[in-house]
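Chemist: below are the sequence and a predicted model for it; my questions follow.
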Amino acid sequence: MTNDDARQPALGRGMALEALARAERKVFTRPAPKSAKAQMKFLLTRAKGSSKALADRLGVSRRTVERYRAGSLTTPQKRLQAALVEETESEWQPQVRAQVRERASTTSGMMVDVVAYFGFTCKGSSDDGRERSITTDISPTYAKQILELQAAGATEEDLHPLVAEAITESYFTEWGTRAKGLRADFTHVQSINFRL
């Protein structure tokens, strides 16, 4: 195994997808429901009142959904609590989320903060790969592609090369003004955050 092979693990545990979800949660204008009863009521409205559809989505029985909605059960187990939070936040304020996504895709772009090992491919490059902490803008063009991939259910493997390309464009080649032909890839991601 070469050193390059040892550095191959890319983004772990869906870090980029989690970072995009966190960035969207930060734009909410009102807090999402916190109690299990309020979350269940909200999700039932989104499921058009179908407790069966919601039960299937959460992986619980229909009766469990009804008990939480009525308030007779109040403290969900960890798995159900995590599912309630995830589902509630993914459905919360869709219009606000759509406006922010549209703005990022057309005018403002987004910011990325990443700490990772960056390696380079370029003819005549003297830069050896190393761990870097980078904060940079991502153009609206790349922001649109990243957000579309996320919405289409992309995996980390789908998203990773596009994020690397966006960082290369803005940080390493300074929007095409230097280091023509440079390509940067990143692995061993310590942290990644987006700001919409």
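Modeler: Structure received. Bear in mind that the values here come from a model prediction, so they are computed numbers and not experimental data.
Chemist: pLDDT below threshold where in the protein?
Modeler: 1-13, 120-128 (pLDDT under 70).
Chemist: can you show me the helices along it?
Modeler: 3-6, 15-25, 36-46, 51-58, 62-70, 78-91, 94-103, 140-151, 156-167 (DSSP state H).
Chemist: out of those, the one nearest V114 is which?
Modeler: Minimum separation from V114 across the helices of the chain (CB to CB) falls at helix 156-167, 7.0 Å. For glycine as for every other residue, the C-beta is placed from the backbone atoms N, C-alpha and C.
Chemist: the inter-axis angle of that closest one versus helix 15-25?
Modeler: Counting by axes from the mean of the first three to the mean of the last three CA atoms, to 10 degrees, helix 156-167 lies at 70 degrees to helix 15-25.
Chemist: which strands and helices lie in contact with helix 156-167?
Modeler: Packing partners of helix 156-167 (3 or more CB pairs under 8 Å, 6 or more residues apart in numbering; DSSP states H and E): helix 15-25, strand 110-121, strand 130-138, helix 140-151, strand 183-195.
Chemist: any idea how far E157 lies from E86?
Modeler: Counting by CB to CB, to the nearest Å, the gap from E157 to E86 is 21 Å.
Chemist: and the two? Which one has more around it.
Modeler: E86 (12 against 9; other CB atoms under 10 Å).
Chemist: how is the protein carved up into domains?
Modeler: 3-26+98-195, 36-92 (automatic domain parsing).
Chemist: does Q39 touch L84 like I think?
Modeler: Yes: applying CB atoms under 8 Å, one finds Q39 in contact with L84, separated by 4.5 Å.
Chemist: number of residues surrounding S51?
Modeler: 18.
Chemist: residues contacting the nearest residue to it once chain neighbours are set aside?
Modeler: Closest residue in space to S51, ignoring its immediate chain neighbours: V65 at 4.5 Å, by CB to CB, 6 or more residues apart in numbering. V65 makes contact with M40, L44, S51, L54, A55, L58, according to CB atoms under 8 Å, 6 or more residues apart in numbering.
Chemist: out of those residues, which is most surrounded?
Modeler: Ranking these using other CB under 10 Å puts M40 first, with 28 neighbours.
Chemist: look up how far K34 lies from it.
Modeler: 12 Å.
Chemist: who touches G14 in this structure?
Modeler: Neighbours of G14 in contact, by CB under 8 Å, 6+ apart: E156.
Chemist: and the gap between it and L58?
Modeler: Counting by CB to CB - G14 and L58 are separated by 20 Å.
Chemist: same deal with A32?
Modeler: A32 sits 16 Å away from L58, going by CB to CB.
Chemist: same check on R195?
Modeler: Here R195 is placed at a distance of 31 Å from L58 (CB to CB).
Chemist: again, but for K37
Modeler: 14 Å.
Chemist: coming back round to it: make TSV out of the helices and strands packed on helix 156-167 and add mean neighbour count and distance to S90.
Modeler: Below are those laid out as TSV (neighbours: other CB atoms under 10 Å; distance: least, CB to CB, whole Å):
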stretch	mean neighbour count	distance to S90
helix 15-25	19	8
strand 110-121	19	19
strand 130-138	15	22
helix 140-151	18	11
strand 183-195	19	16
